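Participant: Model the structure of this input:
(one chain, ligands or ions: 1)
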Amino acid sequence: MSEEASKRAQEEADTPDLECQSDDSSDEGDASGDTEMDFLRSLFSRTLGLSPGEKVLDELTLDGVARYILSGKCKNIICMVGAGISTSAGIPDFRSPGTGLYANLQKYNLPYPEAIFQIDYFKKHPEPFFALARELYPGQFKPTVCHYFMRMLKDKGLLTRCYSQNIDTLERVAGLEGEDLIEAHGTFHTSHCVSFLCRKEYSMDWMQTKIFSEDIPKCDSCGSLVKPDIVFFGENLPARFFTSMKMDFPRCDLLIIMGTSLQVQPFASLVSRVSNSCPRLLINMEKTGQSEFGMGLFSFGGGMDFDSDKAYRDVAHLSTCDDGCMALAELLGWKVNTEIVQKPHRAQTVTVRQTNSKHSCRNMVLCMGQQTVLIKNSL
Ligand SMILES: [Zn+2]
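Facilitator: This is a model prediction of the structure:
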């Protein structure tokens, strides 16, 4: 094994999986090297107040952030996003019981709801997961203003990367490409055979056909199950998450955090990986990620500080992600193309099963990859 490959294997082996997500606090297992030392150095100096970061924003408001972006000094923007950016697309928070989705799964007698995302359970009983996948299959929903705002950042050459916790692929539908994206919890975009010896890759189209024909997807080569590449409990995060994180965050000029409660590690700890001068803008319905002395995920330092008298770089804009992005775009003098948001991308006839999910919009827009069709009053 080459040095590079063995390092990667070690990194993956050390990666905390989602099962132990809540108690891990800071690190992902790179025991070697400068990154770790840099991180500790900046953490200690910040905690001890030795070298407070430079104050970059003239005001801790959305206006201050907009002026900074327009100043030309802000060239590398990272977005960190969670489920909150997709709720206005009508995607239910399917992990919480009581949304109605789990009710459809009662016939499968799940021992507990989370079992549906547990890799060991899936290997024995794949049916409930694929039934849920039919309900929630990407392509039945449409990107939001927030997704298109990130696309604008990309088009203007300002987006270093979008780190997403979502598996709905709406970032891709809005026009972000593989390079622009870290899908931290995986994606439906590709699938793989679950056999470690085989790992044959399958396309989204292949998986879609299987899912909607109610076949349990099996590998053509070896007959094992094929699973969309979303990260189940008990599985590692994609290796790219860790390699990109080390490259991207030290050179970040502005971190925009949207629609996430910053509760799931190691994703949440990313906010502490930017330099201590890097401004951080939170667009969310409530404040989150703050340091709480002696407890909480950020008790070691590096959490957000919006309100204390030491606050110098964190801005909380409390609103929906769409409203926040629209307000920021206005301050920047950017015209969000609401035409794109409201109009289907390219009409094409597709066959889609009706879903039972609760849906707030009258005109349901169905996107299949890049193709979209508008179905009036479908729900
Ligand atoms: Zn196989």
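Participant: So which bits of the stretch 151-300 of the chain are right by the ion?
Facilitator: The stretch 151-300 of the chain comes close to the ion at residues 193, 195, 198, 200, 219, 221, 222, 224, as judged by CB under 5 Å from the ion. Placement of C-beta: from N, CA and C, glycine included.
Participant: How about stretch 246-265, which residues are buried there?
Facilitator: Neighbour-count burial for stretch 246-265, counted by 16 or more other CB atoms under 10 Å, picks out 246, 248-250, 252-260, 262, 264-265.
Participant: got the contact list for residue 328?
Facilitator: Residues near residue 328 by CB atoms under 8 Å, 6 or more residues apart in numbering: 62, 65, 66, 149, 283, 317.
Participant: any idea which of those has the most stuff around it?
Facilitator: Highest neighbour count within those: residue 283, with 29 neighbours (other CB atoms under 10 Å).
Participant: does that residue really touch residue 317, like I thought?
Facilitator: Yes. Between residue 283 and residue 317 there is a contact under CB atoms under 8 Å: 4.9 Å.
Participant: Now do the shared contacts for these two.
Facilitator: With CB under 8 Å, 6+ apart as the test, residue 283 and residue 317 both reach 324, 328.
Participant: Just send the residues of the stretch 151-300 of the chain next to the ion back as JSON lines, with pLDDT, neighbour count and distance to residue 279 too.
Facilitator: Shown next, in JSON lines, are those (pLDDT from 0 to 100; neighbours: other CB atoms under 10 Å; distance: CB to CB, whole Å):
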{"residue": "193", "pLDDT": "97", "neighbour count": "22", "distance to residue 279": "44"}
{"residue": "195", "pLDDT": "94", "neighbour count": "15", "distance to residue 279": "46"}
{"residue": "198", "pLDDT": "97", "neighbour count": "15", "distance to residue 279": "46"}
{"residue": "200", "pLDDT": "97", "neighbour count": "14", "distance to residue 279": "45"}
{"residue": "219", "pLDDT": "97", "neighbour count": "18", "distance to residue 279": "47"}
{"residue": "221", "pLDDT": "97", "neighbour count": "12", "distance to residue 279": "50"}
{"residue": "222", "pLDDT": "97", "neighbour count": "14", "distance to residue 279": "50"}
{"residue": "224", "pLDDT": "96", "neighbour count": "19", "distance to residue 279": "47"}
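Participant: Can you add secondary structure and distance to residue 208 and give the residues you listed back as CSV?
Facilitator: Formatted as CSV, those follow (DSSP: H, G, I helix; E, B strand; the rest coil; distance: CB to CB, whole Å):
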residue, secondary structure, distance to residue 208
193, strand, 17
195, coil, 22
198, coil, 21
200, coil, 17
219, coil, 16
221, coil, 20
222, coil, 21
224, coil, 19
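Participant: from the contacts of residue 328, which is closest to the ion?
Facilitator: Using CB to the ion, residue 149 comes nearest to the ion of the contacts of residue 328, at 39.8 Å.
Participant: Please enumerate the strands of the chain.
Facilitator: 77-81, 159-164, 181-183, 186-193, 201-203, 226-230, 254-258, 280-284, 314-318, 364-368, 371-375 (DSSP state E).
Participant: Tabulate the ones you listed (TSV), appending distance to residue 172.
Facilitator: Shown next, in TSV, are the strands of the chain (distance: least, CB to CB, whole Å):
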stretch	distance to residue 172
strand 77-81	13
strand 159-164	10
strand 181-183	7
strand 186-193	6
strand 201-203	13
strand 226-230	13
strand 254-258	17
strand 280-284	21
strand 314-318	26
strand 364-368	10
strand 371-375	13
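Participant: Figure out which of the ones you listed is closest to residue 57.
Facilitator: strand 314-318 (7.1 Å; CB to CB).
Participant: Only alpha carbons, please: show stretch 215-224 as CSV.
Facilitator: Output in CSV follows, covering the C-alpha atoms of stretch 215-224 (Å, rounded to 0.1, in the frame of the first residue of the first chain):
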residue,chain,number,x,y,z
ASP,A,215,-37.3,-4.3,-6.7
ILE,A,216,-34.8,-4.6,-3.9
PRO,A,217,-31.6,-3.5,-5.8
LYS,A,218,-29.1,-6.3,-6.1
CYS,A,219,-25.6,-6.2,-7.6
ASP,A,220,-25.4,-7.5,-11.2
SER,A,221,-21.9,-8.9,-10.5
CYS,A,222,-22.2,-10.6,-7.1
GLY,A,223,-25.9,-10.5,-6.1
SER,A,224,-25.3,-8.4,-2.9
